[in-house]
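**Q** What would the 3D arrangement of this be:
(one chain, ligands or ions: 2)
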Amino acid sequence: DMTRAVPPPPGRPLVVAHRGNSAVAPQNTLAAFEAAARAGADVVELDVRLTADGEVVVLHDDTVDATTNGSGKIADFDLREVRLLDAGSWFSPAYAGQRVPTFDAVTDLLRARQGLGLLLELKGAWTARQVRRVTEPLRAAGLVDRTVAQSFWPETVAAVRDVDPDLRRGLLVATAHEDLLERCADLGVVACNPPGTVLRDDPDLVRRLHDAALTTAVWTLNEPAHWGQAVALGVDGIITDRPDRLLGWLAGR
Ligand code: G3P
Ligand code: CA
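**A** Residues are numbered from 1 along each chain as shown. Ligands and ions are numbered 1, 2, ... in the order given. Alright, predicted model coming up:
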């Protein structure tokens, strides 16, 4: 199935570890991605941003304040400065010394973890030239077939399409606006990923997306009641901070 980078196992949605196994390890660190793989997650979700010198690093916020011992906008840091940040101590002293990962470190980890999927979120507006900083390493590492590149920014999704049309793409949406399916068709995405709250208000959305040959992974659901609703609606993936618990819950149904 060309629309699915990683096909869901029979009878259940994909378990997508949000920023890694971010309930047990500091989000968006190699420790969190390793914990997700150990838990048996099907896919890791992570966020990438650009440094001042154009390097790709893994960070959710536009500043380093919340998840490192530094402060300021990531776009003002050179990679050399990013490498000095501690991205683990804020979570627990046990994770002191975890770094803000480079994208290269992530591709190394994924190569070592055969079969682990990647849901790669590009934060912000990226140009085609900037997008090459992720598509070329993905190609070089042989990871294109198990990756979906997604963004809230349509111009970034369009840049991915223009640079590497065969890399699967997803559109992240905060609301289900009227022209959503048209926009997905224009961008040539295989996935449209809304928050759980949108599905609760508009339960028919999954059917409309599926009718348009789009998959959908819903975010960020950490409670069994919400997992139950998402499964009942037939979602293709559940993005969660608790992949270990979600896998246990799915197995015990
Ligand atoms: O993958 C979807 C989800 O991660 C989007 O929200 O803020 O956690 O990046 P956020
Ligand atoms: Ca994200």
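**Q** Flag every residue of the stretch 51-200 of the chain that's near ligand 2.
**A** residue 121 (C-beta under 5 Å from the ion). C-betas here are computed from N, CA, C, even on glycine.
**Q** Tell me which stretches of the protein form strands.
**A** 14-18, 43-50, 56-58, 117-122, 147-151, 168-172, 191-193, 217-218, 237-240 (DSSP state E).
**Q** export these to a markdown table and tack on mean neighbour count, distance to residue 162 and mean pLDDT?
**A** Listed next are the strands of the chain as a markdown table, based on neighbours: other C-beta atoms under 10 Å; distance: least, C-beta to C-beta, whole Å; pLDDT from 0 to 100:
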| stretch | mean neighbour count | distance to residue 162 | mean pLDDT |
| --- | --- | --- | --- |
| strand 14-18 | 27 | 26 | 98 |
| strand 43-50 | 24 | 18 | 98 |
| strand 56-58 | 25 | 18 | 99 |
| strand 117-122 | 25 | 14 | 98 |
| strand 147-151 | 26 | 12 | 98 |
| strand 168-172 | 23 | 11 | 98 |
| strand 191-193 | 25 | 18 | 97 |
| strand 217-218 | 26 | 24 | 97 |
| strand 237-240 | 27 | 26 | 98 |
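**Q** Quick one: these as CSV, columns for distance to residue 85 too.
**A** Converted to CSV, those look like this (distance: least, C-beta to C-beta, whole Å):
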stretch, distance to residue 85
strand 14-18, 21
strand 43-50, 13
strand 56-58, 10
strand 117-122, 20
strand 147-151, 24
strand 168-172, 26
strand 191-193, 29
strand 217-218, 30
strand 237-240, 26
